[in-house]
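Novice: Provided below are the primary sequence and the corresponding predicted coordinates.
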Amino acid sequence: MLAKKQPSPPPADDPPRRRIAPTPHLRIGFLVHDVSRLRRTLFDQAIKPLGVTRAQWWALANLSRTLPEGMIQSDLARLLDVGKVTVGGLIDRLEASGQVERRPDAKDRRIKRIYITDKGYDVIDKMTSIGRELNAIILKGIPLDQIYLAEEVMARMKSNMREHLGSHPPADPPEEI
């Protein structure tokens, strides 16, 4: 009786075959990350003439969403997910450029609050205009109902993650990035 011939193993230098994700929902994390990264890169390029770095525009954007009382440095560090030392240097540079100023807190003189200056608001206005122009480019050819649906999906994803993080608080951010 003849022995059954076994298939020979592939040569050792051939890489193993990889499978593509079987369902599209497994790709959404990669797509969200890529879209976000590419949008930040476009925005960085567009605002380069303003002389504002990504860290600075992110700080200004977050400060612009606060109430008129300004924001303390540690709260801004938490929002930006950076350490207090890092945000201190960032605020130093924004203050040197005249876009923000530090003022003593009305109730606790040991605390300094950060306020956006008129010059800082001018930069924010330009950033907002640039953001609108970029959105027109980014969303070109996408029907409005699909944009609304994408916004709903992204808002739900954000809510789900915040809910999960609420039950699993993140570790403290590193002091330096």
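Specialist: That came in fine, so what should we check first? Since we're looking at a predicted model, the values are computed, not measured.
Novice: please count neighbours and contacts with C-alpha atoms only from this point.
Specialist: Noted.
Novice: can you give me the strands for the chain?
Specialist: Per DSSP state E, the chain carries strands over the ranges 71-72, 100-104, 112-116.
Novice: kindly reformat those as a markdown table containing mean pLDDT, mean neighbour count and distance to residue 143.
Specialist: Below are those laid out as a markdown table (pLDDT from 0 to 100; neighbours: other C-alpha atoms under 10 Å; distance: least, C-alpha to C-alpha, whole Å):
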| stretch | mean pLDDT | mean neighbour count | distance to residue 143 |
| --- | --- | --- | --- |
| strand 71-72 | 92 | 20 | 39 |
| strand 100-104 | 93 | 17 | 39 |
| strand 112-116 | 93 | 20 | 37 |
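Novice: can you redo these as CSV with distance to residue 136?
Specialist: Shown next, in CSV, are those (distance: least, C-alpha to C-alpha, whole Å):
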stretch, distance to residue 136
strand 71-72, 32
strand 100-104, 30
strand 112-116, 28
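Novice: which one of those lies nearest to residue 164?
Specialist: Closest to residue 164 of those is strand 71-72 (C-alpha to C-alpha; 26.5 Å).
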